[in-house]
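Visitor: Whatever this is, show me its structure:
(one chain, ligands or ions: 1)
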Amino acid sequence: MTTPTALMALPSGTPPTGAAGAGAPVPLGLGVARLGRRAEDLVIAGLVKYSTCDWPGKLVATVFLQGCPWNCGYCQNPDLMDPRAPGRVTWEEVTKLAERRRGLLDGIVFSGGEPTRQLGLAAALDQVRALGLMTGLHTAGAYPARLAAVLPALDWVGLDIKALAHHYGTVTGVETAGQRAFDALGLVVASGVDHEVRITVDPVVHTEDHLRELIELVKARGARRVVLQEARAEGARPAYGAALANRRLRDVIGQVPEGVEVRA
Ligand code: SF4
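Guide: A predicted model of the protein is given here:
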């Protein structure tokens, strides 16, 4: 996920908030590549206790779930791709934080990785609401059926739409990914949930024509808010940084279409 808060921003070897130390034994109760349906089964890579940028206009805590089936060059959390990696934060740590910060936090955002990969997400969302907090989700739409199942439990979705469907193979390494992402867009729009569509402008793949066509397509499908984000070399794999060669969003698109936000 190209999230505003990236776990890779932590110094190498620094565990995410609340995590067991790097190399430390994994305590009992930390998920390891399980896909159970309980919130306690979630494999959680990290917890950011306060974020003002993961859900625009809201003060939230952000939970990073391990595992993603795609492999984007610009991924800011490449350590979160491996679905076999163990968790580093327990669900109990998340609920304790939510209880302590009730009245201060607006909600909890689930990010990743691809959070809809884990079946315990639905139970976790229900628990967050039961604690009186709102629920947000960052997703790239890799699992549309699982997304559909959790949409009723969500107050906000940040959906990554990465490219025109036929370019998804180049961006994610998975040729069928585009169909899934656009199915997810249709589900989010049809659900009526508050949302934004985030397009990471990837100078390695996008041309201005591609980008304008993509923005028009996303708007035509009913997206309420469209945001362009920078692809960054920092946090991504070195090979991506080399391919990026210091190009920025403005090197791809000079004049941003009206009504489209640019997020640094
Ligand atoms: S969809 Fe791409 S950017 Fe998002 S977590 Fe997966 S690999 Fe990273």
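Visitor: Isn't His206 up against Arg248?
Guide: No. Contact status for His206 versus Arg248: not in contact, 11.9 Å apart, counting by Cβ atoms under 8 Å. Bear in mind the C-beta positions are built from the backbone N, C-alpha and C, glycine included.
Visitor: Who has more neighbours out of the two?
Guide: Of the pair His206 and Arg248, His206 is the one with more neighbours under other Cβ atoms under 10 Å, namely 23 against 12.
Visitor: Gly158 belongs to a strand?
Guide: Yes. In this structure, Gly158 lies within a strand as judged by DSSP: H, G, I helix; E, B strand; the rest coil.
Visitor: give the contact list for the residue nearest to it when sequence neighbours are not counted.
Guide: Counting by Cβ to Cβ, 6 or more residues apart in numbering, His138 is the residue found nearest to Gly158 once chain neighbours are left out, at 4.8 Å. The contact partners of His138, by Cβ atoms under 8 Å, 6 or more residues apart in numbering, come to Met1, Thr3, Asp54, Val109, Phe110, Ser111, Gly112, Pro115, Gly158, Asp160.
Visitor: Considering only the stretch 101-250 of the chain, name the residue that lies closest to the ligand.
Guide: Nearest residue of the stretch 101-250 of the chain to the ligand: Ala140, at 3.9 Å (Cβ to the nearest ligand atom).
Visitor: What's the local residue count around that residue?
Guide: For Ala140, the tally of surrounding residues (other Cβ under 10 Å) stands at 30.
Visitor: What sits closest to it if chain neighbours are left out?
Guide: Spatial nearest neighbour of Ala140, chain neighbours left out: Asp160 (4.2 Å); criterion: Cβ to Cβ, 6+ apart.
Visitor: Show me what that neighbour is bridged to.
Guide: When bridges are taken as DSSP bridges, the partners of Asp160 come out as Arg198.
Visitor: Provide a list of residues in contact with it.
Guide: Met1, Thr2, His138, Thr139, Ala140, Gly141, Ala181, Val197, Arg198, Ile199, Thr200.
Visitor: How about Gly120?
Guide: Contact criterion Cβ under 8 Å, 6+ apart gives Gly31, Leu35, Gly36, Arg37, Arg38, Ala39, Glu40, Asp41, Leu42, Trp91 as the residues in contact with Gly120.
Visitor: Closest one of those residues to the ligand?
Guide: Comparing the contacts of Gly120 against the ligand with Cβ to the nearest ligand atom places Leu42 closest, at 15.9 Å.
Visitor: Touching, that closest one and Gln118? I think so.
Guide: Yes. Counting by Cβ under 8 Å, Leu42 sits close enough to Gln118 to count as a contact (5.6 Å).
Visitor: Which residues of this protein lie near the ligand?
Guide: Residues of the chain lying close to the ligand (Cβ under 6 Å from any ligand atom) are 1-2, 68, 70-72, 75, 77, 81, 112-114, 140, 172.
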